[in-house]
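Engineer: build me a model from this:
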Amino acid sequence: MKNFSRIILGIVSGAVIFGSLLAIANRQDILDALALRGYTPNQRVVSLADATTMNDNTRRVFYVNHPELNDKESFRQNCSAAEQSIVLGCFVERKGIFLLDVTDERLNGVIEVTAAHEVLHAQYDRLSSGERKRVDDMTNKFFATVTDERIKKTIEQYRAKDPSVVPNELHSILATEIRSLSPELEAYYGKYFKDRSKVVDFSEKYEQTFVDLTDQVENFDEQLKTMKQTIETGQKQIDEQNAQIETQKANLDALLNSGRTEEYNAAVPAFNAQVSSYNRLVNSTRGTIDEYNQIVEKRNAIATAEQELIEAIDSNVEPKKTQ
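Structural biologist: Residues are numbered from 1 along each chain as shown. Next up, the predicted model:
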């Protein structure tokens, strides 16, 4: 009987040990289940997961972090440790994923890209040390081939601020902003998204909005630079011709006052021709100045629109209040 009791005790102890080991092995699944208990994502959150083609695992990780779309005030409170001066989202371990709710229709797609970016931070956080090293090797190797100056500048800004975050940021940025990756990276990111190109489509669309506005401002600036030179040259010629006219007028007055009428009459046509040339130059320069001012207005309107978009995605800029 005593031996039987020992056998039973051994079986129970073994079951407890096995259960403990199983719980440790499935710790993340248990934590995820607890996080999802009683949680129902709202339609906007579901739409973000749908639009970015998150697969089942990525969608679950997204929901586990209870994504929130915040106004600027709430966003600043939730994402106090800003990644850069302009931040659109953040993943805070044991707190969640927070997205700036950008409502400007010209920036459609920016929230989708940010959602994908942040859930990739959450996925990176779950990688084992061995897998993380393998992934870091792949992203570093590919980044060495990147020619996009905007992306290179972004990564260098992270590196200057805190080099330790660069691998994590590369992991999110390459997946969401680069259309063609190495076969190894494409296979890796395929674990997270059914169609990664959909995310890049969003990224390219809203980025092109900024590119178009910047190009327009630069084109206007080039026109204004050329026109300014034309105006300055015209103004110089106006001053020179005005001086000549004043000299000629003084000579004519002297001829008339001295009674040299014949010489005066002979000199008048040349003087009148000089005045006509002067007036044409003045009118032409005024026309160029008017055109210059019109282009300045157009240029400033585009620059203002560009600034508005920057402010729309800058969580540090307070929205303007209506009266």
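
Engineer: helix/strand/coil for Thr103?
Structural biologist: coil (DSSP: H, G, I helix; E, B strand; the rest coil).

Engineer: in a strand, Cys90, correct?
Structural biologist: Yes. Under three-state DSSP, Cys90 falls within a strand.

Engineer: wait, isn't it in contact with Thr114?
Structural biologist: No. Using CB atoms under 8 Å, Cys90 is not in contact with Thr114; the gap is 9.3 Å. Every residue, glycine included, has its C-beta placed from N, CA and C.

Engineer: more neighbours: these two, which one.
Structural biologist: For Cys90 versus Thr114, the count of surrounding residues by other CB atoms under 10 Å is larger for Thr114: 27 against 24.

Engineer: which residues touch Arg59?
Structural biologist: Each residue near Arg59 by CB atoms under 8 Å, 6 or more residues apart in numbering is listed here: Ala49.

Engineer: per-residue pLDDT of it, please?
Structural biologist: Per-residue pLDDT puts Arg59 at 97.

Engineer: for whichever strand or helix holds it, which positions count as buried?
Structural biologist: Using DSSP states H and E, Arg59 sits within helix 56-64. Within helix 56-64, the residues that qualify as buried are Thr58, Arg59, Arg60, Val61, Phe62, Tyr63, Val64, counting by 16 or more other CB atoms under 10 Å.

Engineer: what packs against the host helix or strand of Phe75?
Structural biologist: Per DSSP H and E: Phe75 is located in helix 72-78. Secondary-structure packing of helix 72-78 (3 or more CB pairs under 8 Å, 6 or more residues apart in numbering; DSSP states H and E): strand 68-70, strand 96-100.

Engineer: who touches the longest one?
Structural biologist: Put plainly, it is strand 96-100. 48, 62, 65-70, 72, 74-75, 78-79, 87-92, 111, 114-115, 118-119, 122, 313, 315.

Engineer: circling back to that earlier point, and which of the buried residues of helix 56-64 is nearest Ala305?
Structural biologist: Nearest to Ala305 among these, counting by CB to CB, is Phe62 at 32.5 Å.

Engineer: count of neighbours near the nearest residue to that closest one once chain neighbours are set aside?
Structural biologist: Once flanking residues are discounted, Phe62 sits nearest to Val119: 4.6 Å by CB to CB, 6 or more residues apart in numbering. Neighbours of Val119 under the rule other CB under 10 Å: 29.

Engineer: state the distance from Val119 to Gly130.
Structural biologist: The spacing between Val119 and Gly130, counted by CB to CB, to the nearest Å, is 22 Å.

Engineer: still on that earlier bit, how about the residue nearest to Phe62, secondary structure?
Structural biologist: Taking three-state DSSP, the label given to Val119 is helix.

Engineer: might you report the residue contacts of it?
Structural biologist: Residues in contact with Val119 (CB under 8 Å, 6+ apart) are Met54, Thr58, Val61, Phe62, Asn65, Phe91, Ile97, Tyr192.
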